[in-house]
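Novice: Let's see this in three dimensions:
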Amino acid sequence: MAEPVIYRRRGGAISRSEREWRVEDDALVTRGGSGRDKRYRWSDIASVRLLHDPVRACSWRYVFELQPKDERKIVIDNVHYCGAREFEDRSDSYTPFVRAAIARWAVTHPKGRVLIGETPKRYFFLLISALLGLGVLAYVLVAVPTPLDALPYANLVKFGIILLMLPIFWRAVLKVMPRGVAPDQIPDRAFPTNSNPG
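Specialist: Residues are numbered from 1 along each chain as shown. Next up is the predicted model:
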């Protein structure tokens, strides 16, 4: 049996102590302030997801989600709560832990795919919001008088500007599109940039 990979973090102000997460051969084990272990067997984990999920105080937040078959989703991130509005980036221990957890999960689920990016529901709302934003920008460019209106080809210039916005929009859409990848082909962008690959 290999030495378990361990990750520790304090989730927030109401957490009395750090929670420990341990990758073992047969299960993901967690231990809270009470000292009791809770085991999530790898065979019971239906899916795993990696995503960059920044929040106001921590733009560098990355999340590892595990979905057990009959329990609520487990969410582990690289943010450690230190005190009021003080957070520590634990990416140096988070990334090796996540890689080890995915490797153990992949042994149990050889055909499993690691989900990268947003959930389909959130992606749908982000896509609708982005389309509305693009539409409003295009409408403002056409409807609001601009210095371009004095040019003989103003409509063509405005149409060209709208066309130039489309690749930017498309790139943003593709970047957050949910997709599955093989556990050994996870792109580096799914992990924090300032961490060691493990």
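
Novice: what mean pLDDT does stretch 32-42 have?
Specialist: The pLDDT scores in stretch 32-42 average 89.

Novice: Next: stretch 158-165.
Specialist: Predicted confidence along stretch 158-165 averages 86 (mean pLDDT).

Novice: And stretch 126-134, by the same measure?
Specialist: For stretch 126-134, mean pLDDT rounds to 87.

Novice: Give me the residues contacting it.
Specialist: The contact list for stretch 126-134 (Cβ atoms under 8 Å, 6 or more residues apart in numbering) reads 118, 165, 166, 169, 172, 173, 176. Backbone N, C-alpha and C define where each C-beta goes, glycine included.

Novice: want to throw those into a markdown table with secondary structure, distance to residue 22 and neighbour count?
Specialist: Compiled in a markdown table, the contacts of stretch 126-134 are given as follows (DSSP: H, G, I helix; E, B strand; the rest coil; distance: Cβ to Cβ, whole Å; neighbours: other Cβ atoms under 10 Å):
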| residue | secondary structure | distance to residue 22 | neighbour count |
| --- | --- | --- | --- |
| 118 | coil | 28 | 20 |
| 165 | helix | 48 | 14 |
| 166 | helix | 47 | 11 |
| 169 | helix | 43 | 15 |
| 172 | helix | 37 | 14 |
| 173 | helix | 38 | 14 |
| 176 | helix | 31 | 17 |
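
Novice: Break the protein down into its structural domains.
Specialist: Domain ranges of the chain: 5-116+180-190, 120-176, per automatic domain parsing.

Novice: three-state assignment of the spatially most central residue of the chain?
Specialist: The residue lying closest to the centre of the chain (Cα atoms, centre = their mean) is residue 51, at 1.3 Å. With DSSP: H, G, I helix; E, B strand; the rest coil as the basis, the three-state label of residue 51 is strand.

Novice: That one is in contact with residue 114, isn't it?
Specialist: No. Using Cβ atoms under 8 Å, residue 51 is not in contact with residue 114; the gap is 10.7 Å.

Novice: Find residues that contact each of those two.
Specialist: When contacts are counted by Cβ under 8 Å, 6+ apart, the set common to residue 51 and residue 114 consists of residue 190.

Novice: Beyond the helix or strand where residue 22 lies, next helix or strand please.
Specialist: Secondary structure from DSSP states H and E places residue 22 in strand 19-23. Once strand 19-23 ends, the next helix or strand along the chain (criterion: DSSP H and E) is strand 27-31.

Novice: tell me what the helix or strand that that following strand is followed by is packed against?
Specialist: Stepping forward along the backbone from strand 27-31, the first helix or strand reached (DSSP H and E) is strand 37-41. Secondary-structure packing of strand 37-41 (3 or more Cβ pairs under 8 Å, 6 or more residues apart in numbering; DSSP states H and E): strand 27-31.

Novice: Let me have the contacts of stretch 126-134 in TSV, extended by distance to residue 152.
Specialist: Supplementary listing: those in TSV, determined by distance: Cβ to Cβ, whole Å:
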residue	distance to residue 152
118	44
165	23
166	25
169	28
172	33
173	34
176	40
